[in-house]
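Q: Give me a 3D structure for the following:
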Amino acid sequence: CVFPSINEPFGIVSLEAMACLPAGEIIISNPIPRSIENIKEGELVLGLDGNFHKVTKTFCRNFDGELISIIPYNFNQQVKFTPEHPILVIRPMFCKGRQKCRPTCKNTKCKRLFYRKYTPQWVQAKDVKVDDFVVIPIPKVLKDVDKIFIHNFLDIIVKDDKCFTISKNQWNKKFRSCCKPINDEIKITPEFLKLCGYYIAEGDREGGKGIGFSFGPHEDEYVIEVKNIIEKTFHLTPSVHIQKNGVRKVVVYSVILSKLFEKWFGKCAKEKRIPDWIMYLPNEKIIHLIEGMINGDGYIETDRGKYRVIRYATISKTLALQLFFLFLRLGIIPEFKVRKNRGFKTDRLVNELYEIKVRLNKKKQYGLICNGYAWLPIRKIEKIKFKGMVYNLEVEEVNSYACPFIVHNCERPVVVGAKNVNGLKEQVIPSGENRTGVHVNGEDPLDIAWGIKVILENLNEAKKWGKNGRKRVEEKFKIEYTAKRTLEIYESLLRK
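A: From the prediction side, this is the model:
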C-alpha cells in the first residue's frame, strides 16, 4: 500500500509541561511491557520507528482535572492522557456512505484513492476524534537463535558440557550438588518452542523441584507430546500422574529446569511472560510457540456459524500484550479484551482476565496493517475526572514511545503568537543560548509560516531549543517552584 514514511517529521508540536499519562498505563518496553511509573532512566522503550530507544529522563507530578480516555477498536482497553498530550493519528477521509477510504479497500473500481493523501499528524488528546486512526508500531527487532546455553541465565557449575546446581558448605565454599545434571546446550527446535508454549499456558515450578504441565482428561495427545519433547531435549524421564478429577500431570524433577523456567516465564500464572530472546525470534519459529500456547490455554471455535475464531485467555496482562504484538508481527490484528474473572464458588473478584481473540476468515476488519504499522480506528473517547500522579518520559532520538499506540514525549521547540498575549512572551525565549522557540505575530499567517519555516530549516538547532524548553519548564514552572515563589512574594509584602 502507498503510505508516506512515518519516520518523517509531522509538523511542529508545542512543548507542553502538562502532557502526561497516569499511573498504570502500560508502556511497551524491553524486555517486557511495564507500567509507566515503573520505567526507569536507561531502560528501553518502543519508539515511533519500531525500534527500542533509551529513556533519558522520567517525570512525574500531581494532576487534578479531566483525563482523556481513548479506546480503539481491537484494543478494547482505555488508555488515558492529560488533555495536552500529543498522539500520532491519521485523519481518514470518507467515500460515499461514510466508508473510510483505506489502502485495504476491495473496491477496485474506486478512483478516489484518498488514502494516498493521508499524513500522520500529532494531535493533542483533547482534539482527537472518533474514527481517527491511532498508530501502533510493530517491533522490527529480530534476533535468530539456533541454540542457547543454560549457564548464560543461571549461576551454575558447568563441567563436560553438563550443568550442576551449586551448593555451599559451612565455610560458604561453593561445590556442585549431587542432583542429576542436564546438558548445558539447548537447541532451539520447533519442538522445544512448542514445549515453551505449553509451559506458558499450563506449566508450574513444582515447588522449585522441577517443572509440571497440567492437561485435561481429553488432552492425552498433548501429554504424550510433552513427555516426548522433554525426553528428547533434556534426556530426562518425566512421570505422568492422573489425579482424582481426571487431570493429567506431566512432571520432570530438575532443580535447574525449575529455576530456568521461572527466570524465563515467571513464577506464577499472573507473572507469566515471554522472554525477550524468544520474542524476537523469526516468525517461522514464533508460530510453534503460539501453537503450544493455544493448545494449552486456548481453543478454536466457530463464531455464530460464520467465522473461525482463535481465543487465548490469561490473567497475565504482560503475556496478553506480548501475544498481541506477536500476532501483529504475523500480519494479524487480534482483539485485546479485558473481563472480570470471578471465583468459582463465590462472586468475589479474583483477577482481571485478558483475552486475545483472532477471527481467521472475517471479511470486515476494523484495523489494518500497512508498512510495519497497525492502524486502529478509535471507537470511543471519554473524559474522566482524576486526581493523582501523572508521568512522562524523555526518549532518545525519536522523542516518542508506545502505550501501545504512538505518543509524543513532548520535547519540541515552540512557535508562539506573542503579540498582545500576556505571559507567552516571557515563557518562550526567542534568542540566546537558552532559546526555546520563535516569537511570531499570531494574527499574521505569513509571520506564523515564517516561524515554522525557521524551525524546519534548522532542525538540529530546533532539537536543542526543545531540550532548553524542557529544562525551563522543570526549573520555572513546576508546582514546587511556583508555590515557593508565591510564598516569597506574600512574605515580602507582609514585611512591608
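Q: Can you name the residues that contact residue 273?
A: Residue 273 is in contact with 32, 265-266, 316, 318-319, 322, counting by C-beta atoms under 8 Å, 6 or more residues apart in numbering. For glycine as for every other residue, the C-beta is placed from the backbone atoms N, C-alpha and C.
Q: can we see that at 10 Å?
A: Residue 273 makes contacts with 31-33, 200, 264-266, 279, 316-319, 321-322, as judged by C-beta atoms under 10 Å, 6 or more residues apart in numbering.
Q: quick one: low-confidence ranges for the stretch 301-450 of the chain?
A: 302-307, 341-351, 361-365, 410-427, 430, 441-444, 447 (pLDDT under 70).
Q: Would you map the strands across it?
A: Ranges of strands in the stretch 301-450 of the chain, per DSSP state E, counting those that start in this stretch, are 307-314, 335-342, 349-359, 368-370, 373-395, 400-402, 406-408, 414-417, 437-440.
Q: then the last one to CSV, C-alphas only?
A: Output for strand 437-440, consisting of C-alpha atoms alone and laid out as CSV, is shown next (Å, rounded to 0.1, in the frame of the first residue of the first chain):
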residue,chain,number,x,y,z
GLY,A,437,11.4,28.8,20.3
VAL,A,438,10.3,31.5,17.9
HIS,A,439,8.1,34.6,18.5
VAL,A,440,5.6,35.4,15.8
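Q: Who does it pair with, and is each partner parallel or antiparallel?
A: Strands that pair with strand 437-440, judged by DSSP bridges, come out as strand 414-417 (parallel).
Q: about what we covered before: which among the contacts of residue 273 gets closest to residue 295?
A: Within the contacts of residue 273, the smallest distance to residue 295 is 11.0 Å, found for residue 200 (C-beta to C-beta).
Q: Which of the three states applies to that closest one?
A: Three-state call for residue 200 (DSSP: H, G, I helix; E, B strand; the rest coil): helix.
Q: I'd guessed it sits against residue 318; true?
A: No - with contact defined as C-beta atoms under 10 Å, residue 200 does not count as touching residue 318 (11.2 Å).
Q: okay, and the common contacts of those two?
A: Common neighbours of residue 200 and residue 318, using C-beta under 10 Å, 6+ apart, are 266, 272-274.
Q: now these as JSON lines including secondary structure?
A: Listed next are these as JSON lines, based on three-state DSSP:
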{"residue": "266", "secondary structure": "coil"}
{"residue": "272", "secondary structure": "coil"}
{"residue": "273", "secondary structure": "coil"}
{"residue": "274", "secondary structure": "coil"}
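Q: residue contacts, residue 390?
A: By C-beta under 10 Å, 6+ apart, the contact set of residue 390 is 18-23, 25, 36-37, 59-63, 65, 67, 80-82, 85.
Q: how close does residue 207 sit to residue 190?
A: 30 Å (C-beta to C-beta, to the nearest Å).
Q: More neighbours: those two, which one.
A: Between residue 207 and residue 190, counting by other C-beta atoms under 10 Å, residue 190 is the more crowded of the two (15 against 8).
Q: So what does the more buried one have for phi and psi?
A: The phi/psi pair for residue 190 (degrees, to the nearest 10) reads phi -60, psi -40.
Q: Was I right to think it contacts residue 290?
A: No - between residue 190 and residue 290 there is no contact under C-beta under 10 Å: 11.6 Å.
Q: To what extent is residue 322 buried, counted in neighbours?
A: For residue 322, the tally of surrounding residues (other C-beta under 10 Å) stands at 23.
Q: For it, which non-adjacent residue is closest in space?
A: Computed as C-beta to C-beta, 6 or more residues apart in numbering, the closest residue to residue 322 that is not its neighbour in sequence is residue 274, at 4.8 Å.
Q: I'd assumed residue 324 was in contact with the one you found.
A: No - contact criterion C-beta under 10 Å: residue 274 and residue 324 do not qualify, at 11.5 Å.
Q: which of the two has more neighbours?
A: Taking other C-beta under 10 Å, residue 274 and residue 324 do not tie; residue 274 has more neighbours (27 against 23).
Q: now that one: how far from residue 61?
A: From residue 274 to residue 61 the distance is 34 Å (C-beta to C-beta).
Q: Could you do residue 472 as well?
A: 15 Å.
Q: what does residue 313 give?
A: 37 Å.
Q: Can I get the helix or strand encompassing residue 258 in CSV? Just the C-alpha atoms.
A: Using DSSP states H and E, residue 258 sits in helix 255-265. Only the C-alpha atoms of helix 255-265 are listed here, as CSV (Å, rounded to 0.1, in the frame of the first residue of the first chain):
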residue,chain,number,x,y,z
VAL,A,255,16.0,-28.0,40.1
ILE,A,256,17.9,-26.5,37.2
LEU,A,257,14.9,-26.6,34.9
SER,A,258,12.7,-25.2,37.7
LYS,A,259,15.0,-22.2,38.2
LEU,A,260,15.5,-21.8,34.4
PHE,A,261,11.8,-21.8,33.5
GLU,A,262,11.0,-19.4,36.4
LYS,A,263,13.6,-17.0,35.1
TRP,A,264,12.3,-17.1,31.6
PHE,A,265,8.5,-17.4,32.1
